[in-house]
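>>> fold the following and give me the result.
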Amino acid sequence: MILRILACWAIYNVSLLAGIAAGPKVVWAAERNEWDGWKPDIVKLKEARKVKPLEGCLYSVEVEWAGYHDPGIYSLKGGQEMTLDLNGMKWEEVREWKPGKKLFLCYDETNGATLFEPGTGHRLSILMMYGNDGSFEHPIDDYLVSLNSYTTYDMMSVAYEGTRLLRLEIDRCVKRVLALKHLPDAERKNFIKLTKVRIDYCEMQSSFGAGAIHASYAGGTGAGPEGMHYRQGLYRRALSDLLSVAEECKAYETPAPPAGK
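Okay, the predicted model is just below:
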């Protein structure tokens, strides 16, 4: 009996130490299970679009290159400014691009937001993008607008789609930060905790907000789309904030030289 108790105690301590060594568990936004009966409606709305995106994209629009500005800011003639991952393309090649060069601003689930160079077929990943007024922008916004939802059901379906894609982008952002080779272990653990807290907040606040919205509409049909749009907005703000943190975390990839050097 004593040996059995000691064995159980040993197993408990090994499990506890393993949990401590592993650190906090990553919570992935896209893994939340929920009703997906809205998806056929999105297929219908996509097929009804008069302007079709590039093959393989949910959304694409032709844009014009404007240039490069320090520190690491690229701009388009429409006023958008962004940071980019060149994905293997040489900086010297990008530097040779002339203002007015035609590119495509794209979004698809595999690559996320990208700038597509049709001459070479190369895609540059957009890490963060701002509009000409300095506010956060993402091509998911334009994709959702392109679906032209008018009915109550369509509007709810589009909000579900928007939330789903924003969750995918939150996970993409988290993976990018956790892939940084020089990210300190303490910062890695804090970032994992931060993402969990933010995702939990989105769900809790959306539940509370949806209830308040339903009450304000006295149960009218407008409560559904408005509540879902509110939830989508929470995830959009979460994505914006986490992308901002990810931009700052890039500094760890160029660590400061040792003292005295």
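
>>> and the helix or strand containing Y230, average pLDDT?
Y230 belongs to helix 223-249 when assigned by DSSP states H and E. Taken as a whole, helix 223-249 has an average pLDDT of 94.

>>> the stretch 101-250 of the chain: strands as residue ranges?
Taking DSSP state E, counting those that start in this stretch as the criterion, the stretch 101-250 of the chain carries its strands at 102-108, 112-117, 122-130.

>>> need the winner for burial among the ones you listed.
Per residue and on average, the most neighbours among the strands of the stretch 101-250 of the chain fall to strand 112-117, with a mean of 22 (mean count of other C-beta atoms under 10 Å). (C-beta placed from N, C-alpha, C; glycine too.)

>>> roughly how far out does it sit from the chain middle?
What separates the centre of strand 112-117 from the centre of its chain is 14 Å, taken as C-alpha atoms, centre = their mean, to the nearest Å.

>>> try stretch 46-62
Relative to the mean C-alpha coordinate of its chain, stretch 46-62 is positioned 20 Å out (C-alpha atoms, centre = their mean).

>>> mind listing residues that contact it?
When contacts are taken as C-beta atoms under 8 Å, 6 or more residues apart in numbering, the neighbours of stretch 46-62 outside the stretch itself are 102-110, 116, 139-140, 142-143, 146-148, 165.

>>> and with 6 Å instead?
With contact meaning C-beta atoms under 6 Å, 6 or more residues apart in numbering, stretch 46-62 is reached by F104, L105, C106, Y107, D108, P139, D142, Y143, S146.

>>> nearest residue to the fifth one other than its sequence neighbours?
Going back to what we said before, that points to D108. By the measure of C-beta to C-beta, 6 or more residues apart in numbering, the closest residue to D108 outside its immediate chain neighbours is C57, 4.7 Å from it.

>>> check the one you found and give its pLDDT.
98.

>>> three-state assignment of it?
Following DSSP: H, G, I helix; E, B strand; the rest coil, C57 is assigned to coil.

>>> that one: how many residues sit nearby?
Here the neighbour count serves as a burial measure; for C57 (other C-beta atoms under 10 Å) it reads 21.
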